[in-house]
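J.: when you get a sec, could you give me coordinates for this:
(one chain, ligands or ions: 1)
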Amino acid sequence: MLFDKLTRLLGDALRPKPEYITVTPVTDSQPAPVLPPPEALPRHVAIIMDGNGRWATSRGLPRSAGHAAGTEALRDIIRASDDWGIGALSLYAFSTENWSRSKEEVAALMGLLLKYFSSEIDELDEKNVKITILGDVDGMPEPQRQALLSAMERTGDNTGLRLNIALNYGGRAELTRAARLLARAAKDGEIEPDDIDEDAFAAKLYTAGLPDVDLLIRTSGEMRTSNFLPWQLAYAEMVFDDCFWPDFDRTHYMKCLAIYAGRDRRFGGVKGQTPSTTA
Ligand code: FPP
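T.: Predicted structure coming up:
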């Protein structure tokens with residue numbers, strides 16, 4: 001027990017720290033973060049839940065144990081988002097590239113997915129959460145495909161938290177799909193090519209109707225967007241937390257939200273200046 005703890009602490013200390021981290025690990029000596037007022041909260045939060053594998057490996061556990069622990073973290077972050085009135089939460093759960101992982105790991109993730117939906121769907125529906133899957137649902141194995149379609153159908157009319165789970169998702173694939181849908185509509189005479197503007201394009205994305213992402217959080221110290229929501233992240237603020245995803249809890253989340261609330265968002269403009277004529 002003590003030996004395990006020491007090994008873990010040593011591992012954490014030796015893990016190279018990226019040069020630029022915006023969230024320092026939460027320690028007892030730091031004041032607890034405070035939830036920003038509702039008007040300062042992001043409307044749409046996206047999270048890249050990274051570090052499950054390293055969390056498990058640093059404890060001598062199989063990677064699947066990291067994903068199981070990561071599912072517990074995800075459960076509470078969804079609840080916190082609902083409790084705090086976040087409008088939309090998009091989670092990167094499985095990319096199109098993740099199929100290249102070992103058969104065992106993919107099977108473990110698929111198993112967790114089924115388990116998650118069967119154990120959580122009642123509570124999510126009761127809380128008025130609307131679930132949308134971002135990605136190619138038809139490319140999922142049949143039991144998972146059925147569970148995902150049924151979750152989307154069951155919660156389709158809900159009006160609370162918009163919970164988006166990216167599965168079998170790739171950002172470039174999402175953009176090419178939107179282009180294909182628009183090209184088809186133009187070919188069929190439903191729209192004119194000149195009608196294709198940013199709004200028309202956004203309407204063909206999986207996130208149609210949702211505001212752009214205001215805040216992207218990525219755990220585990222990695223600082224990449226990894227093909228996640230490239231269109232929707234165009235003006236997102238990014239906060240990187242160096243804890244592994246299974247350790248990300250409400251305190252970490254609150255801290256990320258507080259950092260976001262303190263950011264100065266200008267969207268390409270300059271504060272205090274009267275805008276010139278629009279382009
Ligand atoms: C990244 O960590 C995490 C994933 C690829 C999977 C995320 C999945 C979950 C949190 C649980 C399952 C999801 C649902 C919706 C039930 P990694 O494995 O790449 O970690 P590493 O970088 O340390 O190897």
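J.: now do stretch 95-107: everything it contacts.
T.: 63-64, 67, 109, 135-136, 166, 168-170, 173, 226-228 (C-beta atoms under 8 Å, 6 or more residues apart in numbering). Just so you know, the C-beta spots here come from the backbone N, C-alpha and C atoms, and that holds for glycine as well.
J.: in it, what's buried?
T.: S95, T96, E105 (16 or more other C-beta atoms under 10 Å).
J.: what do you get for stretch 206-226?
T.: Neighbour-count burial for stretch 206-226 [16+ other C-beta under 10 Å]: 206-207, 210, 212-221, 225.
J.: for the closest residue to the ligand within the stretch 151-279 of the chain, give me its contacts.
T.: Among the residues of the stretch 151-279 of the chain, I165 lies nearest to the ligand; the distance is 5.3 Å by C-beta to the nearest ligand atom. Residues near I165 by C-beta under 8 Å, 6+ apart: S90, L91, A93, I131, T132, I133, L134.
J.: do Q232 as well
T.: Q232 neighbours (C-beta under 8 Å, 6+ apart): H44, A46, S90, L205, T207, L210, D212, V213.
J.: 10 Å - rerun?
T.: 44, 46, 88, 90, 134, 164, 171, 174, 202, 205-207, 210-214, 216 (C-beta atoms under 10 Å, 6 or more residues apart in numbering).
J.: among the contacts of stretch 95-107, which are located in strands?
T.: Judged by DSSP state E, the contacts of stretch 95-107 include A166, N168, Y169 as members of strands.
J.: tell me which stretches of this structure form helices.
T.: Secondary structure of the chain (DSSP state H): helices located at 2-14, 52-57, 63-84, 103-126, 142-155, 171-187, 198-202, 250-261.
J.: what sits closest to the closest residue to the ligand within the chain if chain neighbours are left out?
T.: Of all residues in the chain, the one sitting closest to the ligand is G53 (2.6 Å; C-beta to the nearest ligand atom). Nearest non-adjacent residue to G53, counting by C-beta to C-beta, 6 or more residues apart in numbering: R63, 4.5 Å away.
J.: give me the number of residues near that neighbour?
T.: 19 (other C-beta atoms under 10 Å).
J.: and it, what is it in contact with?
T.: N52, G53, R54, W55, A56, T57, R101, S102, E104, E105, A108, L109.
J.: can you flag which of the buried residues of stretch 206-226 belong to strands?
T.: Reading strands off the buried residues of stretch 206-226 with DSSP E, I get L215, L216, I217, R218.
J.: out of those residues, which are close to the ligand?
T.: With the criterion set as C-beta under 6 Å from any ligand atom, no member of these is near the ligand.
J.: still on that earlier bit, tell me the one of the buried residues of stretch 206-226 nearest E39?
T.: D214 (12.4 Å; C-beta to C-beta).
J.: check contacts around the closest one.
T.: So, once contact is read as C-beta under 10 Å, 6+ apart, D214 ends up touching 41-46, 86-88, 232-233, 235-237, 260, 263, 265.
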